[in-house]
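Student: Provided below are the primary sequence and the corresponding predicted coordinates.
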Amino acid sequence: MSEMSCSTCRSLQGETVHISLPSLPQFVSLARLTVASVGNIVGFSIDVVEDLKVAVSEACTNALRHGCSSEQCYDLYYQLDQDKLTIRVEDSGEGYEPESISEPELPGNQAGGFGLFIIKSLMDEVEIVSNKGMGTSITMVKYLRT
């Protein structure tokens, strides 16, 4: 990481970026662009930024498919820290029991069902909080390896 990006990251430590997106698939690309920019500010490699983009896409797609009606929005929060990036995707849908989601069986012919498995494989920490009738929050953490 360059000296300039290190000092930039230190000055932004603890800052949170919040965006609220309409529940339309076209806006998932905006979430990907945002996490790419934030990931670059924190100092992640291009490969890690690509992983962040995939994880955010999967979390947003889950919010769209399972958590929001087309009239609702979902929220993304990016918290910048010196050694990590914390990303939270929140929806206001019906919620579900996170324990009820099992890992997909491979090989399989089904389309979908791999989102949470992909997120967990790409991120260092993943926490899912879901309350019946109150929505779901997926918090993902990626540590900066120096």
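Tutor: Good, I have the coordinates. Quantities reported herein were computed from a predicted structural model and do not represent experimental measurements. Numbering: from 1, shown residues only.
Student: next secondary structure element downstream of the longest helix anywhere in the chain?
Tutor: Ranked by residue count and defined by DSSP state H, the top helix of the chain is helix 46-62. For helix 46-62, the following helix or strand on the C-terminal side (DSSP states H and E) is strand 73-80.
Student: tilt between that following strand and helix 46-62?
Tutor: 150 degrees (axes from the mean of the first three to the mean of the last three C-alpha atoms, to 10 degrees).
Student: picking up where we left off before, give the rounded mean pLDDT of the longest helix of the chain.
Tutor: For helix 46-62, mean pLDDT rounds to 96.
Student: buried stuff in that helix?
Tutor: 48-49, 51-62 (16 or more other C-beta atoms under 10 Å). To be clear about C-beta, it is placed using only N, CA and C from the backbone, and glycine gets the same treatment.
Student: and it, what other elements does it pack with?
Tutor: helix 28-42, strand 73-80, strand 84-90, helix 115-122, strand 135-143 (3 or more C-beta pairs under 8 Å, 6 or more residues apart in numbering; DSSP states H and E).
Student: can I get the CA coordinates of the first one in PDB?
Tutor: Looking back up the chat, that one is helix 28-42. What follows is helix 28-42, C-alpha atoms only, in PDB (Å, rounded to 0.1, in the frame of the first residue of the first chain):
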ATOM      1  CA  VAL A  28     -26.800  -3.900  -7.900                       C
ATOM      2  CA  SER A  29     -24.100  -2.600 -10.200                       C
ATOM      3  CA  LEU A  30     -24.000   0.700  -8.200                       C
ATOM      4  CA  ALA A  31     -23.300  -1.400  -5.100                       C
ATOM      5  CA  ARG A  32     -20.500  -3.200  -6.900                       C
ATOM      6  CA  LEU A  33     -19.000   0.200  -8.000                       C
ATOM      7  CA  THR A  34     -19.200   1.600  -4.500                       C
ATOM      8  CA  VAL A  35     -17.500  -1.400  -2.800                       C
ATOM      9  CA  ALA A  36     -14.800  -1.300  -5.500                       C
ATOM     10  CA  SER A  37     -14.100   2.400  -4.700                       C
ATOM     11  CA  VAL A  38     -14.200   1.800  -0.900                       C
ATOM     12  CA  GLY A  39     -12.000  -1.300  -1.300                       C
ATOM     13  CA  ASN A  40      -9.400   0.700  -3.200                       C
ATOM     14  CA  ILE A  41      -9.400   3.500  -0.600                       C
ATOM     15  CA  VAL A  42      -8.800   0.900   2.200                       C
END
